[in-house]
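generate coordinates for the sequence data below:
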Amino acid sequence: MMKFLEENLLDHLQRPEFVDLYSSLRRRSYPKGAFICQPDKAENQVFIVARGRARVFLGYEDKEFNIGILSKGDIYSTHTRAFVQSLEEIEVLAADIDTFRRKMLDDPEVAKAMVGILGSMLKNSFAIIEGLAFKDVNSRLIGLLADEARRHGAPAEGGGVVVKIDLSVEQLALLVGSTRQTVSKFLNELIQKGLIERLERGRFFIPDVAALESAGDSRSP
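Now for the predicted structure:
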């Protein structure tokens, strides 16, 4: 239940063929907790996360259905039925949808790259939906920790991985669709089993990522 893209789109934008597209993007900053887009807003833009993270979720009355996290290099569009809210101070590169579409059509290399990116988004979106529909809270929490470890973890001396989640228990609970109390309980269970070790707020040591993932698979229906 994490990133929508396998690759970092910002890396693609540094290539010469993307210079016109990159120049059309405008930098915007938002404080922690701000809404980058909401379903009832008329703004119709595409944006790429340059710094920080935001959660994507659907809201129905007093319920929230969390879809995933946008982080550096992810691309998203404001004209969906989802809310996008910053988890921390965030900076995005934005362009109106018509400008972005025109830049894509003008350059076949850009269009080809974007087709690949959209395919990656679709693949990961299905993985997110599968996790929400068929896995329990503990499995989703394990999946979140393991995914961050594999993508962004730093090898620890003597083996294992150190991963910086940098999210509060409340934020983790929002992302896995649970309560703070339940997530705190499951984290403590993982610590007691030796599958993770809490180093400080937001940082964990995972001695064996594969073993952690296996614990999550064993709990899935």
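
mind listing the strands for this protein?
With strands called from DSSP state E, the chain shows them at 26-30, 35-37, 45-51, 54-60, 63-70, 75-77, 83-86, 90-96, 154-155, 161-164, 197-200, 203-206.

outline the domain layout of this protein.
Domain ranges of the chain: 9-133, 136-217, per the TED database.

so how far is the longest one off the chain centroid?
By that I understand domain 9-133. Centroid separation for domain 9-133 versus its chain: 11 Å, with Cα atoms, centre = their mean, to the nearest Å.

put together TSV for the domains of the chain, with mean neighbour count and mean pLDDT on each row.
In short, each C-beta sits where N, CA and C put it, glycine included. Formatted as TSV, the domains of the chain follow (neighbours: other Cβ atoms under 10 Å; pLDDT from 0 to 100):
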stretch	mean neighbour count	mean pLDDT
domain 9-133	16	79
domain 136-217	17	86
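
rewinding a little: which one of the strands of the chain lies closest to Ala173?
strand 63-70 (9.5 Å; Cβ to Cβ).

strands paired with the closest one, and their directions?
Paired strands of strand 63-70, with direction, are strand 54-60 (antiparallel) (DSSP bridges).

ok, and what's touching the strand it pairs with?
Applying Cβ atoms under 8 Å, 6 or more residues apart in numbering, the contact partners of strand 54-60 are 36, 64-70, 76, 81-87, 90, 171, 174-175.

now tabulate the strands of the chain in JSON lines and tack on distance to Gly216.
Formatted as JSON lines, the strands of the chain follow (distance: least, Cβ to Cβ, whole Å):
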{"stretch": "strand 26-30", "distance to Gly216": "32"}
{"stretch": "strand 35-37", "distance to Gly216": "30"}
{"stretch": "strand 45-51", "distance to Gly216": "27"}
{"stretch": "strand 54-60", "distance to Gly216": "21"}
{"stretch": "strand 63-70", "distance to Gly216": "17"}
{"stretch": "strand 75-77", "distance to Gly216": "27"}
{"stretch": "strand 83-86", "distance to Gly216": "26"}
{"stretch": "strand 90-96", "distance to Gly216": "29"}
{"stretch": "strand 154-155", "distance to Gly216": "22"}
{"stretch": "strand 161-164", "distance to Gly216": "15"}
{"stretch": "strand 197-200", "distance to Gly216": "17"}
{"stretch": "strand 203-206", "distance to Gly216": "12"}
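
go ahead and flag the most central residue of this protein.
The chain has Ile69 as the residue nearest its centroid, 2.4 Å off, counting by Cα atoms, centre = their mean.

I figured that one hits Ser86, correct?
No: assessed by Cβ atoms under 8 Å, Ile69 is found out of contact with Ser86, at 10.9 Å.

quick check: neighbours shared by those two?
Residues touching both Ile69 and Ser86 by Cβ under 8 Å, 6+ apart: Arg53, Ala54.
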